[in-house]
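> compute the structure for the input listed below.
(chains A, B, C and D)
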Protein chains: 2
Amino acid sequence: MSNSESLQMNRKSPVPVDQCGAALATEIISDRWSMLILREAFYRVGRFDDIQSEIGIPRSVLTDRLKKLVSNGILTREPYREAGSRTRTAYLLSQKGRELGLVLLALMQWGDRHLRDGETGLSVTHKETGQALVVGLVPASEPKIGFDEVTLTPTSSAP
Amino acid sequence: MSNSESLQMNRKSPVPVDQCGAALATEIISDRWSMLILREAFYRVGRFDDIQSEIGIPRSVLTDRLKKLVSNGILTREPYREAGSRTRTAYLLSQKGRELGLVLLALMQWGDRHLRDGETGLSVTHKETGQALVVGLVPASEPKIGFDEVTLTPTSSAP
DNA sequence: TAGGCTAAGTTCGAATGTCAAACTCAGAAT
DNA sequence: ATTCTGAGTTTGACATTCGAACTTAGCCTA
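Got it, this is the predicted structure:
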(Lines give C-alpha, C1' and ligand atoms only; values in the text may rest on other atoms or scores of the structure.)
Protein backbone atom coordinates (compact mmCIF):
# COMPACT_ATOMS: atom_id res chain seq x y z
CA MET A 1 0.00 0.00 0.00
CA SER A 2 2.66 2.53 0.96
CA ASN A 3 5.25 2.97 -1.74
CA SER A 4 8.21 5.31 -1.64
CA GLU A 5 6.50 8.69 -1.66
CA SER A 6 9.46 10.85 -0.84
CA LEU A 7 12.63 9.70 -2.54
CA GLN A 8 15.05 12.48 -1.86
CA MET A 9 16.82 12.29 1.49
CA ASN A 10 19.23 14.75 3.02
CA ARG A 11 22.32 13.75 4.97
CA LYS A 12 22.16 16.85 7.13
CA SER A 13 19.78 19.66 7.92
CA PRO A 14 20.20 23.08 6.31
CA VAL A 15 20.17 24.77 9.72
CA PRO A 16 22.71 23.47 12.26
CA VAL A 17 21.15 22.34 15.52
CA ASP A 18 22.94 24.94 17.60
CA GLN A 19 21.60 27.72 15.42
CA CYS A 20 17.98 26.65 15.60
CA GLY A 21 15.62 28.34 17.99
CA ALA A 22 13.46 25.25 18.18
CA ALA A 23 16.41 23.14 19.25
CA LEU A 24 17.39 25.63 21.94
CA ALA A 25 13.80 25.86 23.12
CA THR A 26 13.55 22.11 23.58
CA GLU A 27 16.38 22.25 26.08
CA ILE A 28 14.25 24.41 28.33
CA ILE A 29 10.72 23.13 27.91
CA SER A 30 10.88 19.66 26.41
CA ASP A 31 10.68 17.45 29.40
CA ARG A 32 7.71 15.52 30.64
CA TRP A 33 6.43 18.27 32.94
CA SER A 34 7.37 21.81 31.87
CA MET A 35 4.66 22.17 29.26
CA LEU A 36 2.05 20.94 31.69
CA ILE A 37 3.23 23.45 34.28
CA LEU A 38 2.93 26.16 31.65
CA ARG A 39 -0.54 24.94 30.77
CA GLU A 40 -1.52 25.56 34.39
CA ALA A 41 0.18 28.92 34.32
CA PHE A 42 -1.88 29.94 31.31
CA TYR A 43 -4.99 29.08 33.23
CA ARG A 44 -3.62 31.09 36.16
CA VAL A 45 -3.21 28.07 38.37
CA GLY A 46 -0.14 29.41 40.09
CA ARG A 47 0.08 27.84 43.52
CA PHE A 48 2.50 25.03 44.27
CA ASP A 49 0.01 22.58 45.72
CA ASP A 50 -2.58 23.30 43.05
CA ILE A 51 -0.17 22.70 40.20
CA GLN A 52 1.12 19.59 41.92
CA SER A 53 -2.25 18.01 42.44
CA GLU A 54 -3.65 18.92 39.03
CA ILE A 55 -0.90 17.39 36.98
CA GLY A 56 0.36 14.80 39.45
CA ILE A 57 4.01 15.81 39.36
CA PRO A 58 6.25 14.72 42.26
CA ARG A 59 6.83 17.68 44.58
CA SER A 60 10.59 17.50 44.36
CA VAL A 61 10.44 17.60 40.59
CA LEU A 62 7.99 20.49 40.64
CA THR A 63 10.36 22.48 42.83
CA ASP A 64 13.11 21.86 40.34
CA ARG A 65 11.07 22.72 37.24
CA LEU A 66 9.71 25.90 38.73
CA LYS A 67 13.25 27.00 39.51
CA LYS A 68 14.27 26.26 35.96
CA LEU A 69 11.33 28.11 34.44
CA VAL A 70 11.90 31.09 36.70
CA SER A 71 15.62 31.18 36.01
CA ASN A 72 14.85 31.14 32.31
CA GLY A 73 12.52 34.08 32.68
CA ILE A 74 9.41 32.19 31.64
CA LEU A 75 7.69 32.32 35.01
CA THR A 76 8.04 34.76 37.85
CA ARG A 77 7.70 33.86 41.50
CA GLU A 78 5.71 36.45 43.36
CA PRO A 79 4.07 36.84 46.72
CA TYR A 80 0.43 37.71 46.48
CA ARG A 81 -2.45 38.11 48.90
CA GLU A 82 -6.09 37.40 48.33
CA ALA A 83 -8.70 39.56 50.00
CA GLY A 84 -8.23 39.01 53.72
CA SER A 85 -6.04 35.98 53.70
CA ARG A 86 -2.39 35.32 54.19
CA THR A 87 0.39 36.06 51.79
CA ARG A 88 1.11 33.21 49.44
CA THR A 89 3.48 32.47 46.61
CA ALA A 90 2.28 32.49 43.02
CA TYR A 91 4.02 31.50 39.84
CA LEU A 92 2.99 33.75 36.98
CA LEU A 93 3.81 33.92 33.30
CA SER A 94 6.22 36.61 32.22
CA GLN A 95 5.84 38.19 28.79
CA LYS A 96 8.39 35.71 27.49
CA GLY A 97 6.31 32.91 28.95
CA ARG A 98 3.08 34.30 27.57
CA GLU A 99 4.55 34.13 24.11
CA LEU A 100 4.75 30.37 24.46
CA GLY A 101 0.96 30.45 24.19
CA LEU A 102 1.13 29.83 20.46
CA VAL A 103 3.23 26.72 20.99
CA LEU A 104 0.81 25.42 23.57
CA LEU A 105 -2.19 26.17 21.37
CA ALA A 106 -0.59 24.56 18.35
CA LEU A 107 0.13 21.50 20.45
CA MET A 108 -3.42 21.44 21.73
CA GLN A 109 -4.81 21.77 18.24
CA TRP A 110 -2.71 18.85 17.05
CA GLY A 111 -3.48 16.75 20.10
CA ASP A 112 -7.21 17.36 19.89
CA ARG A 113 -7.22 16.46 16.23
CA HIS A 114 -5.03 13.38 16.36
CA LEU A 115 -5.24 12.10 19.90
CA ARG A 116 -8.80 12.98 20.84
CA ASP A 117 -10.53 12.25 17.60
CA GLY A 118 -11.21 15.88 16.80
CA GLU A 119 -12.73 16.79 20.17
CA THR A 120 -11.63 20.29 21.08
CA GLY A 121 -11.38 21.11 24.77
CA LEU A 122 -11.07 24.84 24.39
CA SER A 123 -12.19 27.33 21.81
CA VAL A 124 -10.45 30.56 20.99
CA THR A 125 -12.55 33.52 19.91
CA HIS A 126 -11.59 36.94 18.65
CA LYS A 127 -13.18 39.44 21.05
CA GLU A 128 -13.51 42.10 18.40
CA THR A 129 -15.13 40.07 15.66
CA GLY A 130 -16.46 37.02 17.49
CA GLN A 131 -14.71 34.77 14.99
CA ALA A 132 -13.30 31.40 15.98
CA LEU A 133 -9.51 31.39 15.72
CA VAL A 134 -6.95 28.69 15.07
CA VAL A 135 -3.17 28.60 14.93
CA GLY A 136 -1.86 28.83 11.38
CA LEU A 137 0.54 30.50 9.00
CA VAL A 138 -0.11 34.22 8.50
CA PRO A 139 1.60 36.88 6.41
CA ALA A 140 4.10 38.61 8.67
CA SER A 141 2.75 41.90 7.36
CA GLU A 142 -0.72 41.33 8.80
CA PRO A 143 -1.45 42.65 12.28
CA LYS A 144 -0.89 39.93 14.86
CA ILE A 145 -3.78 38.88 17.05
CA GLY A 146 -2.48 38.82 20.62
CA PHE A 147 -3.75 36.72 23.50
CA ASP A 148 -5.25 39.79 25.11
CA GLU A 149 -7.58 40.18 22.13
CA VAL A 150 -8.94 36.71 22.58
CA THR A 151 -11.46 34.83 24.72
CA LEU A 152 -10.86 31.25 25.82
CA THR A 153 -13.92 29.09 26.37
CA PRO A 154 -13.81 25.53 27.69
CA THR A 155 -15.82 23.43 25.31
CA SER A 156 -17.01 20.41 27.24
CA SER A 157 -17.44 19.20 30.82
CA ALA A 158 -17.17 21.41 33.89
CA PRO A 159 -13.87 22.02 35.74
CA MET B 1 9.62 47.28 40.46
CA SER B 2 7.37 44.30 39.87
CA ASN B 3 4.12 44.65 41.76
CA SER B 4 1.23 42.19 41.73
CA GLU B 5 0.05 42.51 38.13
CA SER B 6 -2.34 39.61 38.06
CA LEU B 7 -4.34 39.26 41.25
CA GLN B 8 -6.88 36.63 40.40
CA MET B 9 -5.68 33.05 40.74
CA ASN B 10 -7.51 29.85 39.94
CA ARG B 11 -7.35 26.72 42.04
CA LYS B 12 -7.87 24.46 39.04
CA SER B 13 -7.86 24.69 35.27
CA PRO B 14 -11.13 24.90 33.35
CA VAL B 15 -10.11 21.94 31.16
CA PRO B 16 -9.11 18.76 33.02
CA VAL B 17 -5.68 17.47 32.11
CA ASP B 18 -6.95 14.22 30.66
CA GLN B 19 -9.26 16.09 28.31
CA CYS B 20 -6.61 18.38 26.92
CA GLY B 21 -4.98 17.64 23.61
CA ALA B 22 -1.86 19.51 24.61
CA ALA B 23 -1.46 17.37 27.71
CA LEU B 24 -1.89 14.17 25.71
CA ALA B 25 0.53 15.40 23.09
CA THR B 26 3.23 16.06 25.66
CA GLU B 27 3.16 12.39 26.61
CA ILE B 28 4.32 11.51 23.12
CA ILE B 29 6.67 14.27 22.11
CA SER B 30 7.80 16.10 25.21
CA ASP B 31 11.06 14.44 26.00
CA ARG B 32 14.52 15.76 25.37
CA TRP B 33 14.87 14.16 21.95
CA SER B 34 11.60 13.59 20.09
CA MET B 35 11.21 17.16 18.86
CA LEU B 36 14.78 17.17 17.61
CA ILE B 37 14.17 13.93 15.75
CA LEU B 38 11.11 15.49 14.18
CA ARG B 39 13.13 18.55 13.25
CA GLU B 40 15.42 16.25 11.27
CA ALA B 41 12.43 14.52 9.75
CA PHE B 42 11.08 17.85 8.53
CA TYR B 43 14.38 18.47 6.82
CA ARG B 44 14.18 14.96 5.38
CA VAL B 45 17.14 13.71 7.34
CA GLY B 46 15.76 10.23 7.72
CA ARG B 47 18.65 7.83 8.18
CA PHE B 48 19.55 6.41 11.55
CA ASP B 49 23.20 7.39 11.57
CA ASP B 50 22.51 10.83 10.15
CA ILE B 51 19.93 11.67 12.78
CA GLN B 52 22.18 10.27 15.46
CA SER B 53 25.22 12.29 14.51
CA GLU B 54 23.36 15.53 13.86
CA ILE B 55 21.63 15.77 17.18
CA GLY B 56 24.04 13.68 19.26
CA ILE B 57 21.48 11.32 20.71
CA PRO B 58 22.69 7.98 22.14
CA ARG B 59 21.96 5.20 19.67
CA SER B 60 19.98 3.13 22.11
CA VAL B 61 17.76 6.09 22.91
CA LEU B 62 17.30 6.85 19.23
CA THR B 63 16.15 3.31 18.61
CA ASP B 64 13.62 3.67 21.36
CA ARG B 65 12.31 7.08 20.27
CA LEU B 66 11.96 6.06 16.65
CA LYS B 67 9.91 3.05 17.73
CA LYS B 68 7.71 5.31 19.80
CA LEU B 69 7.21 7.83 17.01
CA VAL B 70 6.45 5.08 14.52
CA SER B 71 4.05 3.31 16.85
CA ASN B 72 2.25 6.61 17.37
CA GLY B 73 1.88 7.08 13.63
CA ILE B 74 4.04 10.19 13.47
CA LEU B 75 6.89 8.66 11.49
CA THR B 76 6.89 5.73 9.12
CA ARG B 77 9.82 3.40 8.68
CA GLU B 78 10.36 2.61 5.02
CA PRO B 79 12.98 0.98 2.89
CA TYR B 80 14.21 3.22 0.12
CA ARG B 81 16.90 3.08 -2.52
CA GLU B 82 18.89 5.89 -4.00
CA ALA B 83 19.90 5.76 -7.67
CA GLY B 84 22.22 2.76 -7.94
CA SER B 85 22.94 2.10 -4.31
CA ARG B 86 21.74 -0.37 -1.79
CA THR B 87 18.43 -0.44 -0.05
CA ARG B 88 18.40 1.52 3.14
CA THR B 89 15.92 2.39 5.87
CA ALA B 90 14.38 5.83 6.08
CA TYR B 91 12.17 7.42 8.68
CA LEU B 92 9.61 9.71 7.09
CA LEU B 93 6.89 11.97 8.39
CA SER B 94 3.34 10.71 8.06
CA GLN B 95 0.53 13.19 7.51
CA LYS B 96 -0.06 13.18 11.25
CA GLY B 97 3.61 13.97 11.76
CA ARG B 98 3.63 16.68 9.14
CA GLU B 99 0.89 18.46 11.03
CA LEU B 100 3.28 18.91 13.92
CA GLY B 101 5.05 21.39 11.66
CA LEU B 102 3.12 24.27 13.19
CA VAL B 103 4.23 23.28 16.67
CA LEU B 104 7.82 23.08 15.54
CA LEU B 105 7.64 26.42 13.76
CA ALA B 106 5.96 28.10 16.71
CA LEU B 107 8.71 26.75 18.92
CA MET B 108 11.37 27.96 16.51
CA GLN B 109 9.80 31.38 16.34
CA TRP B 110 9.78 31.65 20.11
CA GLY B 111 13.29 30.27 20.46
CA ASP B 112 14.71 32.58 17.82
CA ARG B 113 13.11 35.58 19.45
CA HIS B 114 13.92 34.82 23.06
CA LEU B 115 16.93 32.55 23.01
CA ARG B 116 18.80 33.81 19.97
CA ASP B 117 18.22 37.51 20.31
CA GLY B 118 15.87 37.67 17.35
CA GLU B 119 18.12 35.87 14.89
CA THR B 120 15.95 33.73 12.66
CA GLY B 121 17.51 30.59 11.25
CA LEU B 122 14.86 29.85 8.68
CA SER B 123 12.40 31.94 6.78
CA VAL B 124 9.02 30.78 5.57
CA THR B 125 7.67 32.21 2.35
CA HIS B 126 4.32 31.83 0.66
CA LYS B 127 5.07 30.41 -2.81
CA GLU B 128 2.05 32.03 -4.37
CA THR B 129 2.50 35.56 -3.09
CA GLY B 130 6.13 35.66 -2.02
CA GLN B 131 5.10 36.99 1.37
CA ALA B 132 7.01 36.14 4.53
CA LEU B 133 4.89 34.02 6.86
CA VAL B 134 4.81 33.55 10.61
CA VAL B 135 2.82 31.39 12.97
CA GLY B 136 -0.12 33.22 14.49
CA LEU B 137 -3.82 33.20 15.26
CA VAL B 138 -6.04 33.14 12.18
CA PRO B 139 -9.79 33.09 11.71
CA ALA B 140 -10.82 29.46 11.30
CA SER B 141 -12.89 30.56 8.32
CA GLU B 142 -9.88 31.71 6.32
CA PRO B 143 -8.23 29.21 3.99
CA LYS B 144 -5.34 27.50 5.73
CA ILE B 145 -1.88 27.85 4.24
CA GLY B 146 -0.38 24.36 4.14
CA PHE B 147 3.28 23.40 4.24
CA ASP B 148 3.15 22.41 0.60
CA GLU B 149 2.36 26.02 -0.31
CA VAL B 150 5.45 27.27 1.38
CA THR B 151 9.18 27.59 0.78
CA LEU B 152 11.71 27.19 3.58
CA THR B 153 14.94 29.14 3.25
CA PRO B 154 17.85 28.88 5.69
CA THR B 155 18.75 32.37 6.69
CA SER B 156 22.35 32.33 7.76
CA SER B 157 25.44 30.16 7.49
CA ALA B 158 25.74 27.15 5.18
CA PRO B 159 24.82 23.59 6.27
C1' DT C 1 1.12 32.00 74.20
C1' DA C 2 0.26 27.54 72.97
C1' DG C 3 -1.32 24.75 69.76
C1' DG C 4 -3.09 23.91 64.99
C1' DC C 5 -3.31 24.48 60.29
C1' DT C 6 -1.44 25.61 55.72
C1' DA C 7 1.50 26.44 52.06
C1' DA C 8 5.70 25.61 50.19
C1' DG C 9 9.04 23.29 50.04
C1' DT C 10 13.13 19.04 51.50
C1' DT C 11 14.80 14.57 52.16
C1' DC C 12 15.41 9.83 51.12
C1' DG C 13 15.95 5.19 49.21
C1' DA C 14 14.15 2.45 45.45
C1' DA C 15 12.91 2.25 40.59
C1' DT C 16 13.61 3.90 36.12
C1' DG C 17 15.96 6.19 32.40
C1' DT C 18 20.15 8.01 30.11
C1' DC C 19 24.83 7.81 28.54
C1' DA C 20 29.03 6.45 25.67
C1' DA C 21 31.54 2.95 23.95
C1' DA C 22 31.91 -1.37 22.19
C1' DC C 23 29.66 -5.13 19.96
C1' DT C 24 26.50 -7.69 16.41
C1' DC C 25 24.81 -8.97 12.12
C1' DA C 26 23.10 -8.97 7.38
C1' DG C 27 23.73 -7.41 2.80
C1' DA C 28 26.69 -5.11 -0.68
C1' DA C 29 31.12 -4.01 -2.63
C1' DT C 30 36.21 -5.34 -3.57
C1' DA D 1 36.84 -14.50 1.13
C1' DT D 2 37.24 -10.27 3.28
C1' DT D 3 35.91 -5.60 4.16
C1' DC D 4 32.57 -2.05 4.66
C1' DT D 5 28.27 0.00 6.03
C1' DG D 6 23.93 0.82 7.91
C1' DA D 7 21.02 -0.16 11.52
C1' DG D 8 20.63 -1.46 15.28
C1' DT D 9 21.96 -4.17 20.65
C1' DT D 10 24.30 -4.70 24.75
C1' DT D 11 26.42 -3.21 28.89
C1' DG D 12 27.51 -1.21 33.19
C1' DA D 13 28.23 3.40 35.22
C1' DC D 14 25.73 7.51 36.11
C1' DA D 15 21.65 10.63 36.61
C1' DT D 16 16.88 11.51 37.14
C1' DT D 17 12.36 10.45 38.74
C1' DC D 18 9.22 8.67 41.95
C1' DG D 19 6.23 8.86 46.10
C1' DA D 20 5.89 9.04 50.85
C1' DA D 21 7.17 11.10 54.83
C1' DC D 22 9.29 15.00 56.97
C1' DT D 23 10.36 20.16 57.83
C1' DT D 24 9.65 24.94 58.46
C1' DA D 25 7.56 29.50 58.77
C1' DG D 26 3.62 32.21 59.23
C1' DC D 27 -0.76 32.99 60.54
C1' DC D 28 -5.19 32.07 63.26
C1' DT D 29 -7.78 31.00 67.01
C1' DA D 30 -8.57 30.13 71.82
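
> the strand or helix carrying residue A:92 pairs with which strands, parallel or anti?
Using DSSP states H and E, residue A:92 sits in strand A:87-93. Sheet pairing for strand A:87-93, assigned by DSSP bridges, gives strand A:75-81 (antiparallel).

> is the partner strand anywhere near DNA strand D?
No. Strand A:75-81 stays clear of DNA strand D (CB under 7 Å from any atom of the strand), getting no nearer than 8.5 Å. Any C-beta I mention is one placed from the backbone N, CA and C, and that applies to glycine too.

> residues in contact with that strand?
In this structure, residues lying in contact with strand A:75-81 by CB atoms under 8 Å, 6 or more residues apart in numbering or on different chains are A:37-38, A:41, A:66, A:69-70, A:87-94, A:97, B:2, B:4, B:7, B:9.

> ok, now with 7 Å
A:41, A:66, A:69-70, A:87-94, A:97, B:2, B:4, B:7 (CB atoms under 7 Å, 6 or more residues apart in numbering or on different chains).

> quick one: check it for contact with DNA strand C.
Yes. Using CB under 7 Å from any atom of the strand, we find that strand A:75-81 touches DNA strand C at residue A:77.

> picking that back up, the strand holding residue A:92: how far from the chain's middle?
Put simply, strand A:87-93 sits 18 Å off its chain's centre (CA atoms, centre = their mean, to the nearest Å).

> list the buried residues of that strand.
Across strand A:87-93, burial judged by 16 or more other CB atoms under 10 Å in any protein chain shown covers A:90-93.

> also stretch A:68-76?
A:68-69, A:72, A:74-76.

> in a helix, residue A:62, correct?
Yes. The assignment for residue A:62 by DSSP: H, G, I helix; E, B strand; the rest coil puts it in a helix.

> that older thread, who's in contact with the strand holding residue A:92?
A:41-42, A:46-48, A:66, A:75-81, B:6, B:9.

> close to DNA strand C, is it?
Yes. Judged by CB under 7 Å from any atom of the strand, strand A:87-93 and DNA strand C are in contact via A:88-90.

> which of those residues lies closest to residue B:124?
residue A:90 (36.8 Å; CB to CB).

> spatially nearest residue to that closest one, not counting backbone neighbours?
Using CB to CB, 6 or more residues apart in numbering or on different chains and skipping the chain neighbours, the partner closest in space to residue A:90 is residue A:46 (3.9 Å).

> just residue A:139 next, same as before
Using CB to CB, 6+ apart, the closest residue to residue A:139 is residue B:131 (4.5 Å).

> which residue ranges form the strands in chain A?
A:75-81, A:87-93, A:122-126, A:132-139, A:150-154 (DSSP state E).

> ok, which stretches of chain A are helices?
Per DSSP state H, chain A carries helices over the ranges A:21-29, A:34-42, A:48-55, A:59-71, A:95-98, A:101-115.

> out of these, which gets nearest to residue B:140?
helix A:101-115 (10.4 Å).

> and the angle from that closest one to helix A:34-42?
Calculated by axes from the mean of the first three to the mean of the last three CA atoms, to 10 degrees, helix A:101-115 forms an angle of 110 degrees with helix A:34-42.
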